[in-house]
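J.: Let me see the structure of the following:
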Amino acid sequence: MTNRLEGKSIIVTGAAGELGRATAVRLAAEGANLTLVGSGRTPLDEAQAAAEAEGAKVIAVEADVATSEGVRRYLDRAKEAFGRVDVLFNNAGIQAAIGPIAEFPEEDWDRVMAVNVRSVFLGIKHAGPIMAEQGAGVIVNMASVAGVMGVPLIASYSASKHAIIGLTKAAAGELAAAGVRVNAVAPGVIESPMMRTIEEGAAPGAPDAAKQAYTALTAMGRYGTPEEVAAAVAFLASDDSSYMTGAYLRMDGGMSAGSA
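T.: Residues are numbered from 1 along each chain as shown. Predicted coordinates for the structure are as follows:
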């Protein structure tokens with residue numbers, strides 16, 4: 001493992017989840033100092049312990065990422081602990097009810113948009129100026145293959161991830177002159193609790209059949225792993241991607257290979 005992120009101050013939102021924890025461990029292994037943001041003290045503490053086991057300096061912050069107050073809280077804590085903010089990984093996200101648009105609860109739509117889109121908007125809004133003042137910084141947003149393709153039965157999630165790709169491109173154009181890069185990672189089907197929920201919702205009582213159907217949509221014939229997504233995030237966070245901004249990396253095993 002390289003030390004290409006040695007001494008970088010990196011914030012990971014949604015750190016208590018499967019992808020957040022795997023990414024925290026990968027970034028820690030590459031030398032980063034971490035501010036882990038989430039809700040739920042126990043899973044956040046577990047993510048912190050896993051990252052610290054890699055030798056990283058880590059702080060954990062409970063914050064509502066869908067509010068300016070919560071975003072300023074984790075940014076302030078990161079600056080207090082490490083002196084600056086080099087990278088923000090906007091990873092927090094949820095999937096609500098699964099079903100057709102005509103039956104989708106309006107309150108679930110609003111909740112998905114608040115967590116998945118508003119949190120990214122606020123992260124960029126408040127971290128962007130800090131990074132611009134530093135003269136450098138990287139923002140990585142968690143999109144999805146569902147932000148490239150229309151996916152039936154998860155319209156709210158799909159719409160939110162399309163929005164994140166749009167936000168990524170717009171922010172990249174605004175912040176490039178200040179030395180701030182903005183990119184996104186777009187995973188496909190990944191082994192995770194969220195996919196277990198989607199499988200059960202798509203085929204109630206027969207989640208294994210749903211998993212087989214989703215697997216068949218990939219060219220590689222398998223689900224990805226959280227560790228594979230984490231590797232992509234580490235690349236985008238590092239100087240190895242120094243000439244990339246406004247881009248998104250598809251991590252979907254070829255699922256969207258036929259899409260534009």
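J.: all strands of the stretch 101-250 of the chain, in order?
T.: Using DSSP state E, counting those that start in this stretch, the strands of the stretch 101-250 of the chain run over 137-142, 180-187, 248-251.
J.: Save those as CSV, and put in distance to residue 202, mean pLDDT and mean neighbour count too.
T.: To be clear about C-beta, it is placed using only N, CA and C from the backbone, and glycine gets the same treatment. Supplementary listing: the strands of the stretch 101-250 of the chain in CSV, determined by distance: least, C-beta to C-beta, whole Å; pLDDT from 0 to 100; neighbours: other C-beta atoms under 10 Å:
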stretch, distance to residue 202, mean pLDDT, mean neighbour count
strand 137-142, 21, 98, 27
strand 180-187, 17, 98, 26
strand 248-251, 21, 95, 21
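J.: can you redo the ones you listed as a markdown table with distance to residue 26?
T.: A markdown table is the format used below for the strands of the stretch 101-250 of the chain (distance: least, C-beta to C-beta, whole Å):
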| stretch | distance to residue 26 |
| --- | --- |
| strand 137-142 | 12 |
| strand 180-187 | 12 |
| strand 248-251 | 13 |
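J.: Out of those, flag the one nearest residue 2.
T.: Of all the strands of the stretch 101-250 of the chain, strand 137-142 sits nearest to residue 2, with 16.5 Å by C-beta to C-beta.
J.: quick revisit: tell me which of the strands of the stretch 101-250 of the chain sits nearest to residue 161.
T.: Within these, the stretch nearest residue 161 is strand 180-187; the backing value is 7.5 Å (C-beta to C-beta).
J.: does residue 10 really touch residue 35, like I thought?
T.: Yes - contact criterion C-beta atoms under 8 Å: residue 10 and residue 35 qualify, at 7.3 Å.
J.: before we move on, back to that, and of the strands of the stretch 101-250 of the chain, who's closest to residue 164?
T.: Among those, if distance is taken as C-beta to C-beta, the winner is strand 137-142, at 5.2 Å.
J.: Would you give the sheet partners of the closest one, along with the direction of each?
T.: strand 87-90 (parallel), strand 180-187 (parallel) (DSSP bridges).
J.: Export these as a markdown table, with columns for distance to residue 64.
T.: Shown next, in a markdown table, are the strands paired with strand 137-142 (distance: least, C-beta to C-beta, whole Å):
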| stretch | distance to residue 64 |
| --- | --- |
| strand 87-90 | 14 |
| strand 180-187 | 22 |
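J.: Of the ones you listed, which is nearest residue 218?
T.: Of all the strands paired with strand 137-142, it is strand 180-187 that lies closest to residue 218, at 11.5 Å by C-beta to C-beta.
J.: how's this protein carved up into domains?
T.: Domain ranges of the chain: 9-188+226-249, 191-223, per automatic domain parsing.
J.: and the ones you listed, which one's lowest on average pLDDT?
T.: Within these, the stretch with the lowest mean pLDDT is domain 191-223, showing a mean of 90.
J.: mind listing what's buried in that one?
T.: In terms of neighbour count (16 or more other C-beta atoms under 10 Å), domain 191-223 has its buried residues at 191-192, 194-195, 197-199, 201-203, 207, 210-211, 214, 217-218, 223.
J.: next one: stretch 5-24
T.: Within stretch 5-24, the residues that count as buried by 16+ other C-beta under 10 Å are 5, 8-24.
J.: So which of these belong to strands?
T.: Taking DSSP state E, the ones among the buried residues of stretch 5-24 that sit in strands are 9, 10, 11, 12.
J.: May I see those arranged in TSV, with distance to residue 67 as well?
T.: Formatted as TSV, the entries for those read as follows, by distance: C-beta to C-beta, whole Å:
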residue	distance to residue 67
9	22
10	22
11	16
12	18
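J.: Restricting to C-alpha, output stretch 70-79 in PDB.
T.: The C-alpha trace of stretch 70-79 is given here as PDB (Å, rounded to 0.1, in the frame of the first residue of the first chain):
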ATOM      1  CA  GLY A  70     -24.200  19.900  10.800                       C
ATOM      2  CA  VAL A  71     -21.800  20.500   7.900                       C
ATOM      3  CA  ARG A  72     -20.100  23.400   9.500                       C
ATOM      4  CA  ARG A  73     -19.800  21.300  12.600                       C
ATOM      5  CA  TYR A  74     -17.800  18.600  10.900                       C
ATOM      6  CA  LEU A  75     -15.700  21.100   8.900                       C
ATOM      7  CA  ASP A  76     -14.800  23.000  12.100                       C
ATOM      8  CA  ARG A  77     -13.900  19.800  13.900                       C
ATOM      9  CA  ALA A  78     -11.600  18.700  11.100                       C
ATOM     10  CA  LYS A  79      -9.900  22.100  10.900                       C
END
